[in-house]
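K.L.:
Task: produce atomic coordinates for the following.
(chains A, B and C)
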Amino acid sequence: MTNIVPPPPLLKVEHLKVYFPILGGVFRRPVGEVKAVDDVSFTVNRGQTVGLVGESGSGKTTIGRAIIRLTQPTAGVISYQDKAISKLDSAAFRPYRKKIQIIFQDPYNSLNPRFSIFEIIGEALEIHFPAMTRADRRERVAGLLDKVGLKRDHLDRYPHEFSGGQRQRVGIARALAVNPEFIVCDEPVSALDVSVQAQIVNLLQDLQEELGLTYLFIAHDLAVVEHISDYVLVMNQGKIVEAASAEAIYENPQHDYTRKLLSAVPKL
Amino acid sequence: MTHYIIRRFLLLVPTLFGITLLTFLLIRLSPTNAALIKGGGGEGGGKAMTAEQREQIVKFYGLDKPPLVAYGNWVGKAMRGDLGNSFADHRPVADKILERLPLTISITGSALILSYFLAIPLGVIAAIKRGQVVDRTISFVVFVLYSIPSFAAALLLILFVAGGDYLNLLPMYGINSINASEMSLFPWLWDRILHMILPVVCLTYASLASISRYARVSMLEALSQDFVRTARAKGLRERVVILRHALRNALIPLITIFALELPVLIGGAIIIESIFTLPGMGQLMFQSLDSWDEPVIMGITVLAAVVTLLSYLVADILYVIVDPRISYE
Amino acid sequence: MTMPLLQVENLGIHFGPTVDPVKAVDGISFSMQAGETLAVVGESGSGKSVTALALTRLLASPPARYVSGSIAFEGRDVLQLREGELRSLRGKQIAYIFQEPGSSLNPVFTIGYQIREAIELHRPEVRDVTAEIVHALDTVGIRNPASRLGDYPHQLSGGMQQRVMIAMALACQPKLLVADEPTTALDVTIQKQIMDLLKDLKRTSNMSILLITHNFGLVAGFADRVVVMFRGKIVETGPTAQVLQNPQHPYTKALIECVPKLGQKQHRLKVIDYAGIQ
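P.N.:
Numbering: from 1, shown residues only, chains lettered A, B, ... in the order given. Okay, the predicted model is just below:
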């Protein structure tokens, strides 16, 4: 008999704290702090979707930003495949920028209006695959558009020509361009109509199956999170108040705050 | 807010050092100096100075010292309030500037106020009538004005409306007529106003052009906001919607423009005062540059820099007052 | 049968060129009785918001063109009213709340002032306006209303801002409140609070509410009747329970099914099959 060692989690967050200083006085010295994320730990296994749900200001977006290093953690460790990535310098972190991507909430403001769709999606290819020719890049971007349900002749169009749902597809194609393993989905469907929300959620699930992606799915709507996630983390005021499988969260919520979120979901 | 203002004042100090050092070095590192100009001779017809005489002048003004040492000396004196004496007539620089300042303030101040008073209505009308004939006419006129340099406008105005070649409506130079000392108060004042019209017009029109463009864009932006729809949905009159709800928001960005316009106006005053022979600070600057009168150039630079930096500070403070969303705490 | 509060007849609103125009609203008819709550459900671009704004001609013409039909409010056709009559309709008879409460309030005026403006405009008989403002804020569940009058919109959360918008709308005691996607920009927890508040108001006053939404989830338990819009046309209308349980049109069915439901985890969410409609 051989012992099978379970693979390490793809992403591991341990005792993460992100405090923002409140500055005051003539010399802008910190006079206090906002505990946006206050001692949060969780893991995400490869191929899983972990849902992170909470209200505005709960700190859920800050966690996503800390993972892709848009925000510097105050304390704690973020590891990717057992390697601590939160303390790496930016050169050492660069390979992880390829592996970890993000999809933003607002499809209207997160795409540069002066860039064509090809430029928006192709930019990351230029950075991470400098050897690619322009023709190769166009081919690759056209393939990505096809994958996310857009058309090849959208290549040279500009963001304002697209609807909210189509823009979010562009955002997804941009994230996929560099073949990531892990995607932080930061409220990707909150600004969309329910009908479009369903399309985007299905697209994310299809892509996950096809490409073996791992998601951290951040949202305020528990119904969407429950649908897409294997495991759900409920956040309130910088802390995780409940963590359980998607079924258990719905069938047997332990925390009052979870029950409050459940009761807020409209019933048909 | 108090902390913010104190911090901003402290930041003025290094900025001022930078500006004065740069100006000083530019003056010192140029191939000419006051001694060369004074002792020039040549086309002037006068007799050129001997090398020894020139040497004496150089020593007397301290032009032989290394630039940084000289700058150090200048700063040391300036911090005690002594800006030195003019090379031209040996009078204290501060006195020379102060006696000329009121005229410059009144011209540039009038121009600034006038351009705001005309530009905002123009911008608002253009925005409301966007794309219509009124808007296009205003845009066309404003662009034409903007593209004429002020000295050219000044010369054209002198040619056509002053002096009598075509019309003789306004005096063409000076701040008062020759016989002004014999006038009683009101005729004197009227005489002064007539003399100010052309210089103020020349300074106003370019600022008017740029401010009215900013006002138009700012108003268009405000009119497209959701709260304008809310104001209409309330049942307010269109006049109230525009003048109260939209304009109040549109004015906020126009405040910073004032800080940008002030240096432009000071620069304009140098040219306009020289053309209209107005004895203001601008003319003094022009004369000092001509004769390489280092202490006076430095003095006016410091004053212009302080005024500009303070106007930026004032603009930022006004921002907090008019826009409740902004606070510097 | 009494005269309906609102009767929209064959309304057509076009944008763009006169040849081959964009038919944002394409000949729709519906009516509302006094005290009734009607929901207009549709996706972005269905014409539901255009319809809502047209009720007091808030859509500027141009660019919009009112090409056909009538909007009768208490028997008078809004499309024929003069400017002055229109202004006394807006705010006083028909009040609005919008999707983005943050940008719908004027950032440079206090909330007290913005409510005061509405009361002074439409209810000149009110002696103590401040008391009336406090009362309006109290009605929408803002605590310590008297101390909030000097607050600016940015000092409030999104949910509070929407409450202020509702207070402003209610301050003139309108007969019809048009709520145009009132909770779309808010968290679900705040959405529930706002919808609960609207339900309370519905119960305690005789005001009619026209709810414009893309989310069938908000309609159940709120609206008396539903109108479903698709590409400028009404595809289905009926009592809420009936439409939800037994939708007749495939589009209605699809729009109901794409709302994610708790505890009924499907492998995939249902999406609308546009090719299969009409």
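K.L.:
State the paired neighbours of the longest strand seen in chain A in the sheet, together with their directions.
P.N.:
Scanning chain A for the longest strand, with DSSP state E as the assignment, gives strand A:29-44. Sheet partners assigned to strand A:29-44 using DSSP bridges are listed as strand A:11-24 (antiparallel).
K.L.:
contacts for the strand it pairs with?
P.N.:
A:29-44, A:59, A:62-63, A:66-67, A:71-80, A:82, A:182, A:214, A:216, B:3, B:329 (CB atoms under 8 Å, 6 or more residues apart in numbering or on different chains). All C-beta atoms are positioned from the backbone trio N, CA, C, and that covers glycine.
K.L.:
Equivalent analysis for stretch C:115-131, please.
P.N.:
Here stretch C:115-131 has contacts from B:234-236, C:88, C:91-92, C:109, C:112, C:132-133, C:136-137, C:149, C:164, C:167-168, C:171-173, using CB under 8 Å, 6+ apart.
K.L.:
Buried ones from those residues, can you make that a ChimeraX selection?
P.N.:
Command for ChimeraX that selects the buried part of the contacts of stretch C:115-131, burial taken from 16 or more other CB atoms under 10 Å in any protein chain shown:
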select /B:234,235,236 /C:91,92,109,112,132,133,136,137,149,164,167,168,171,172
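K.L.:
thinking again about what came up before, which of the contacts of strand A:11-24 count as buried?
P.N.:
Judged by 16+ other CB under 10 Å, buried ones among these: A:36-38, A:40, A:42, A:44, A:59, A:62-63, A:66-67, A:71, A:73-74, A:76, A:78-80, A:182, A:214, A:216.
K.L.:
Among those residues, name the ones in helices.
P.N.:
A:Thr62, A:Ile63, A:Ala66, A:Ile67 (DSSP state H).
K.L.:
ok, the residue nearest to C:Pro239 when sequence neighbours are not counted - how many residues close by?
P.N.:
Closest residue to C:Pro239 apart from its sequence neighbours, by CB to CB, 6 or more residues apart in numbering or on different chains: C:Arg225 at 5.6 Å. Using other CB atoms under 10 Å in any protein chain shown, the number of residues around C:Arg225 comes to 21.
K.L.:
okay but C:Arg225 is in contact with C:Glu236, surely?
P.N.:
No - applying CB atoms under 8 Å as the test, C:Arg225 and C:Glu236 come out as separate, 11.0 Å apart.
K.L.:
Can you tell me which residues in the stretch 1-150 of chain C are near chain A?
P.N.:
Counting by CB under 8 Å from any CB of the partner chain, the residues of the stretch 1-150 of chain C lying close to chain A are C:Glu43, C:Ser44, C:Gly45.
K.L.:
Highest neighbour count among the residues you listed?
P.N.:
C:Glu43 (20 neighbours).
K.L.:
how far away is it from C:Ala185?
P.N.:
The gap separating C:Glu43 from C:Ala185 is 17 Å, by CB to CB, to the nearest Å.
K.L.:
which residue packs closest to the residue of the stretch 101-250 of chain C found nearest chain A, ignoring adjacent ones?
P.N.:
Residue nearest to chain A within the stretch 101-250 of chain C: C:Gly217 (3.2 Å; CB to the nearest CB). Nearest residue to C:Gly217, sequence neighbours excluded (CB to CB, 6+ apart): A:Pro266, at 3.2 Å.
K.L.:
What does the pLDDT read for the one you found?
P.N.:
What the model reports as pLDDT for A:Pro266 is 86.
K.L.:
Quick check: phi and psi at it.
P.N.:
Dihedral pair for A:Pro266: phi -60, psi 140, per degrees, to the nearest 10.
K.L.:
Show me what the helix or strand hosting C:Ala241 is packed against.
P.N.:
Per DSSP states H and E: C:Ala241 is located in helix C:240-245. For helix C:240-245, the elements it packs on are strand C:225-230, judged by 3 or more CB pairs under 8 Å, 6 or more residues apart in numbering or on different chains; DSSP states H and E.
K.L.:
State the mean pLDDT of the strand it packs on.
P.N.:
Strand C:225-230 comes out at a mean pLDDT of 96.
K.L.:
That one pairs with which strands, and in what direction?
P.N.:
Partners of strand C:225-230, by DSSP bridges, with direction: strand C:37-41 (parallel), strand C:233-239 (antiparallel).
K.L.:
is chain A contacted by stretch C:197-206?
P.N.:
No - Stretch C:197-206 stays clear of chain A (CB under 8 Å from any CB), getting no nearer than 12.3 Å.
K.L.:
in that stretch, what counts as buried?
P.N.:
Buried positions in stretch C:197-206, judged by neighbour count with 16+ other CB under 10 Å: C:Leu197, C:Leu198, C:Leu201, C:Lys202, C:Ser205.
K.L.:
now do stretch A:10-27
P.N.:
So, applying 16+ other CB under 10 Å, buried residues of stretch A:10-27: A:Leu10, A:Leu11, A:Lys12, A:Val13, A:Glu14, A:Leu16, A:Lys17, A:Val18, A:Tyr19.
K.L.:
Just the C-alpha atoms of it, please, in PDB.
P.N.:
These are the backbone C-alpha positions of stretch A:10-27, laid out as PDB (Å, rounded to 0.1, in the frame of the first residue of the first chain):
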ATOM      1  CA  LEU A  10      -3.700  25.900  -4.700                       C
ATOM      2  CA  LEU A  11      -4.200  29.000  -2.700                       C
ATOM      3  CA  LYS A  12      -3.800  29.300   1.100                       C
ATOM      4  CA  VAL A  13      -4.600  32.400   3.100                       C
ATOM      5  CA  GLU A  14      -3.400  32.400   6.700                       C
ATOM      6  CA  HIS A  15      -4.200  35.000   9.300                       C
ATOM      7  CA  LEU A  16      -4.500  37.700   6.700                       C
ATOM      8  CA  LYS A  17      -4.900  41.200   8.000                       C
ATOM      9  CA  VAL A  18      -5.300  44.300   5.900                       C
ATOM     10  CA  TYR A  19      -5.500  47.500   7.900                       C
ATOM     11  CA  PHE A  20      -5.700  50.900   6.400                       C
ATOM     12  CA  PRO A  21      -4.200  53.800   8.400                       C
ATOM     13  CA  ILE A  22      -6.200  56.900   9.200                       C
ATOM     14  CA  LEU A  23      -3.800  59.800   8.800                       C
ATOM     15  CA  GLY A  24      -4.100  63.000  10.800                       C
ATOM     16  CA  GLY A  25      -2.200  66.100  12.000                       C
ATOM     17  CA  VAL A  26       0.200  68.400  10.100                       C
ATOM     18  CA  PHE A  27       2.600  65.600   9.200                       C
END
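K.L.:
any idea how far A:Tyr215 is from A:Gln101?
P.N.:
A:Gln101 is 11 Å from A:Tyr215, by CB to CB.
K.L.:
same thing with B:Leu63?
P.N.:
73 Å.
K.L.:
C:Glu83 is nearest to which of the strands paired with strand C:225-230?
P.N.:
strand C:37-41 (26.6 Å; CB to CB).
K.L.:
Let me see the contact set for residue 257.
P.N.:
Because you didn't say which chain, this covers chain A. A:Val234, A:Asn236, A:Val241, A:Glu242.
K.L.:
wrong chain, I was asking about chain C
P.N.:
Going by CB under 8 Å, 6+ apart, C:Glu257 touches C:Lys270.
K.L.:
where does it fall, phi/psi-wise?
P.N.:
The phi/psi pair for C:Glu257 (degrees, to the nearest 10) is phi -70, psi -20.
K.L.:
for the longest helix seen in chain B, what is the average pLDDT?
P.N.:
In chain B, assigned by DSSP H, the helix with the most residues is helix B:185-223. Helix B:185-223 comes out with an average pLDDT of 89.
K.L.:
How far off centre is it?
P.N.:
How far helix B:185-223 lies from its chain's middle: 13 Å, per CA atoms, centre = their mean, to the nearest Å.
K.L.:
tell me which residues in it are buried?
P.N.:
Per 16+ other CB under 10 Å, helix B:185-223 contains these buried residues: B:191, B:195-220, B:222-223.
K.L.:
can you check stretch B:112-128 too?
P.N.:
B:112, B:114-116, B:118-120, B:122-128.
K.L.:
what sits against C:Ala24?
P.N.:
C:Ile13, C:His14, C:Phe15, C:Gly47, C:Val50, C:Ala64, C:Gly232.
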